[in-house]
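Undergrad: One predicted model, sequence on top.
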Amino acid sequence: MKVEQLNSTFAALADPTRRAILAKLALGELTVSELSKPFDMSPPAITKHLKVLQRANLIEQGRDAQWRPCRLNPRPLKQASIWLERYRRFWEESFDRLDEYLHKIQMKEKRSGRKK
């Protein structure tokens with residue numbers, strides 16, 4: 001997995017507008033004008049967001065006559081998910097160890113309470 005691709009994926013995902021665009025594209029291909037409808041921003045602002053997503057390879061833009069349909073490219077998201085998976089396992093294992101430790105403490109407290 002290329003570090004540059006991972007960096008650009010996370011940088012693109014850092015903005016809520018770009019995440020919303022990706023969520024819309026996850027449902028299917030849309031034109032730029034269809035994508036911009038729910039956002040209260042100028043067409044150049046939407047275009048800037050789309051360019052960031054394109055540079056991160058998160059979307060692809062085609063050409064169909066005067067239309068510029070956009071579609072999601074899920075590969076970089078899959079790579080980010082794989083990278084994040086290692087950390088999810090780390091936290092789960094840490095929580096499992098904490099749970100075991102707390103269980104041991106509770107058992108000791110119960111035993112010491114019975115002896116009194």
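TA: Everything's here; your move. Residues are numbered from 1 along each chain as shown.

Undergrad: all contacts plus neighbour counts: C-alpha atoms, from now on.
TA: Fine.

Undergrad: Need the per-residue pLDDT for residue 60.
TA: What the model reports as pLDDT for residue 60 is 94.

Undergrad: and it, helix, strand or coil?
TA: strand (DSSP: H, G, I helix; E, B strand; the rest coil).

Undergrad: Tell me the spacing between it and residue 99.
TA: Look at residue 60 and residue 99: by C-alpha to C-alpha, to the nearest Å, they are 45 Å apart.

Undergrad: Next: residue 42.
TA: The gap separating residue 42 from residue 99 is 51 Å, by C-alpha to C-alpha.

Undergrad: Now for residue 48, how many residues are close by?
TA: A count of nearby residues for residue 48, using other C-alpha atoms under 10 Å, gives 12.

Undergrad: secondary structure element for it?
TA: Taking DSSP states H and E as the criterion, residue 48 maps to helix 43-55.

Undergrad: Just the buried residues of that helix, please?
TA: Using 16 or more other C-alpha atoms under 10 Å as the test for burial, helix 43-55 gives 46, 49-54.

Undergrad: Next: stretch 22-40.
TA: Buried positions in stretch 22-40, judged by neighbour count with 16+ other C-alpha under 10 Å: 22, 24-25, 29-32, 35-36.

Undergrad: if we can go back for a sec, between residue 42 and residue 99, which one's more packed in?
TA: The neighbour count for residue 42 versus residue 99, taken as other C-alpha under 10 Å, is higher for residue 99 (12 against 9).
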